[in-house]
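Using only what follows, build the 3D model:
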Amino acid sequence: MTDNSDPAAARRRRKEIMQSLRAETAKKDEAIEIEALPPKKRKVSGKSKKEKPCDDSDEADEVITTEQAAMAAGGTAKKTTVTTADGKKKTQIRYDPEVPMSKDQLAAWRREARRVRNRESAAASRQRIRDRINELEGEVDTWKERYAQAVDRLAHLERLANGD
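Model prediction:
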């Protein structure tokens with residue numbers, strides 16, 4: 001197998017390229033002087049019935065909406081309803097900064113706002129998956145207990161039948 005077809009080597013090359021592109025973008029962003037975003041807040045969904053309460057104080061109890069994310073990025077989110085060609089209504093969210101910007105600055109701002117929204121969405125998705133796993137683990141424990149009880153009852157009934 002040659003180096004060109006090695007998936008690990010290809011991933012490393014892509015990673016190096018992405019890092020160099022990010023470094024270039026960061027230099028451009030510094031020149032544009034985009035404001036730094038505040039630290040992100042993670043979404044923590046409500047606890048399921050079977051989940052035990054968590055004592056981690058690191059987790060935030062707030063849920064950030066897309067409008068709040070746009071405000072955190074220094075802008076506003078405007079919802080508009082658009083009718084498509086097939087007659088369906090579709091809600092579009094337009095994110096605009098609060099201060100006037102050049103076209104390049106606006107593109108960079110929107111890119112960063114999209115990254116923030118995507119990051120928060122991914123964190124919420126991971127949390128939903130963790131919650132579902134906890135719920136299923138609780139169900140597994142319940143079924144294990146029921147199974148053990150059924151086996152014990154069966155053994156007890158067999159002992160009674162053999163003792164007669």
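
helix or strand for D96, which one?
strand 89-97 (DSSP states H and E).

Which strands and helices lie in contact with that strand?
On a contact count with 3 or more CB pairs under 8 Å, 6 or more residues apart in numbering; DSSP states H and E, strand 89-97 meets strand 75-83, helix 103-163. To be clear about C-beta, it is placed using only N, CA and C from the backbone, and glycine gets the same treatment.

Dump those to CSV, plus distance to L21, mean pLDDT and mean neighbour count.
Supplementary listing: the helices and strands packed on strand 89-97 in CSV, determined by distance: least, CB to CB, whole Å; pLDDT from 0 to 100; neighbours: other CB atoms under 10 Å:
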stretch, distance to L21, mean pLDDT, mean neighbour count
strand 75-83, 24, 73, 12
helix 103-163, 12, 94, 12
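
between the helix or strand harbouring Q19 and helix 103-163, how big is the angle?
Applying DSSP H and E as the criterion places Q19 in helix 7-32. Orientation of helix 7-32 against helix 103-163 (axes from the mean of the first three to the mean of the last three CA atoms, to 10 degrees) gives an angle of 140 degrees.

Which strands or helices does helix 7-32 pack on?
Under the contact criterion of 3+ CB pairs under 8 Å, 6+ apart, helix 7-32 touches helix 103-163.

quick revisit: of all the helices and strands packed on strand 89-97, which lies closest to R14?
Ranking these by proximity to R14 (CB to CB) places helix 103-163 first, at 18.4 Å.

quick one, the closest one and strand 89-97 angle?
Computed by the same axes, to 10 degrees, the angle between helix 103-163 and strand 89-97 is 120 degrees.
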